[in-house]
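Chemist: build the 3D model from these lines:
(one chain, ligands or ions: 1)
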Amino acid sequence: MTETDPLPPLREVIRAHGLSARKSLGQNFLLDLNLTRRIARSAGDLSDVTVVEVGPGPGGLTRALLMEGATKVVAIERDRRCIEALEEVAAAYPGRLELIEGDALAVDMTAHLDGRPGVVVANLPYNVGTALLVGWLESEPWPPWWQSLTLMFQREVAERLVAAPSTSAYGRLGVLTGWRAEARILFDVTPKAFTPPPKVWSSVVQLTPRAEPLACDGKTLSRVTAAAFGQRRKMLRQSLKSLGGDTAALIAAAGLEPTERAENVSVEGFVALARAVTAATNTK
Ligand code: SAM
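Modeler: Now for the predicted structure:
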């Protein structure tokens, strides 16, 4: 279902509400409705889900989501000035847009789903985007409350999400993502599409949860990858020392070689290491 937008052009909204972009809030706005509608459409059928949008700003993507048929959007925005502008969007789409003023890192998104599956669609503020993603990937219970995440990131971050072992972009984020989700880059977006334009290109990434990820404790996996990639050029027997305990025994229990380097260890290898750490802790 697509609708025509009854609201004034975004440039007018920005002018009327004095929404000068604030760097500290990662504000780079998308004003091109063709682009925001493309992002909204790539999230699939929005009629039976609750769409969670982080950082709606002046509302370009929010309006696109509503035009593309979203029946419920929960939009979390930290900047009060934007909330005032968004109230006009909520009035134009009665009962379909819930506004939450606050820090998305502190909001319990599951409390706003109204019993429907959640999908997250967002042009994320660059300063909290990774922290939000890690939170979504570490969701418990699993499968998580979200069916998909369709997210705009700086391209360099997007490349880290989808990176395979033995590539320079492979690191903690790639392991965590690969463990629990299937991730792909949908398309790239030029800096010129944003107001103001950032220095770098961006990419829209889509993640869907793996139904049965390998069993392991997410926090332990994070600790293990932090240790291993903290010294990514060192061999595991050296880089994993910071975990404490018998490093050689851990590496052997995970079926890895002490001379391997973090960047060459598969997601399965890191999961095996995390399990070995948990087992060693439990037998202490
Ligand atoms: N969605 C809009 C668009 O595409 O034009 C704006 C995207 S802009 C990159 C990021 C938005 O996130 C800004 O509106 C900013 O105020 C908001 N923001 C920044 N930090 C936030 C936080 N911690 N929680 C919620 N919103 C935040």
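Chemist: the ligand contacts on this protein?
Modeler: Within reach of the ligand by C-beta under 6 Å from any ligand atom, the chain has these residues: 25-30, 54-57, 60-61, 76-79, 82, 103-105, 123, 125, 128. For the C-beta atoms, the positions are set from N, CA and C on the backbone; glycine is no exception.
Chemist: tell me the buried residues within those residues.
Modeler: With burial judged by 16 or more other C-beta atoms under 10 Å, the buried subset of the residues of the chain next to the ligand is 25-30, 54-57, 60-61, 76-79, 82, 104, 123, 125, 128.
Chemist: ok, the residue in the chain positioned nearest to the ligand - contacts?
Modeler: The ligand sits closest to Gly55 of the chain, with a gap of 2.1 Å, by C-beta to the nearest ligand atom. Gly55 sits next to Gly26, Ile76, Glu77, Arg78, Ala104, Ala122, Asn123, Leu124, Pro125 when contact means C-beta atoms under 8 Å, 6 or more residues apart in numbering.
Chemist: change it to 6 Å
Modeler: Pro125 (C-beta atoms under 6 Å, 6 or more residues apart in numbering).
Chemist: one more: Thr247?
Modeler: Taking C-beta under 6 Å, 6+ apart, we find Thr247 in contact with Arg237, Leu240, Lys241.
Chemist: any idea how far the first one lies from Leu7?
Modeler: It refers to Arg237. Using C-beta to C-beta, to the nearest Å, we find Arg237 at a distance of 60 Å from Leu7.
Chemist: residues near the residue nearest to Met109 when sequence neighbours are not counted, how many?
Modeler: Spatial nearest neighbour of Met109, excluding adjacent residues (C-beta to C-beta, 6 or more residues apart in numbering): Val52 at 5.2 Å. As a burial measure, Val52 scores 27 neighbours (other C-beta atoms under 10 Å).
Chemist: how about Val52, secondary structure?
Modeler: Following DSSP: H, G, I helix; E, B strand; the rest coil, Val52 is assigned to strand.
Chemist: and it, what does it touch?
Modeler: Counting by C-beta under 6 Å, 6+ apart, Val52 touches Val74, Met109, Gly118, Val120.
Chemist: switch to 10 Å and redo it
Modeler: Val52 sits next to 72-76, 98, 100, 104, 107, 109-110, 112-113, 118-122, 136, 145-146, 149 when contact means C-beta atoms under 10 Å, 6 or more residues apart in numbering.
Chemist: for Gln27, same thing?
Modeler: 19-21, 55, 57-58, 79, 82, 125-126, 194-196.
Chemist: will you turn the residues you listed into a markdown table that also has pLDDT?
Modeler: A markdown table is the format used below for these (pLDDT from 0 to 100):
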| residue | pLDDT |
| --- | --- |
| Leu19 | 95 |
| Ser20 | 93 |
| Ala21 | 92 |
| Gly55 | 98 |
| Gly57 | 98 |
| Pro58 | 97 |
| Asp79 | 97 |
| Cys82 | 97 |
| Pro125 | 92 |
| Tyr126 | 88 |
| Phe194 | 97 |
| Thr195 | 96 |
| Pro196 | 96 |
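Chemist: surely Gly218 meets Phe270?
Modeler: No: with contact defined as C-beta atoms under 10 Å, Gly218 does not reach Phe270; the gap is 11.5 Å.
Chemist: for Val204, list each beta-bridge partner.
Modeler: Counting by DSSP bridges, Val204 forms beta bridges with Met152, Phe187.
Chemist: in this structure it contacts Gln154, no?
Modeler: No: taking C-beta under 10 Å as the definition, Val204 is not a contact partner of Gln154, at 11.6 Å.
Chemist: good, wrapping up.
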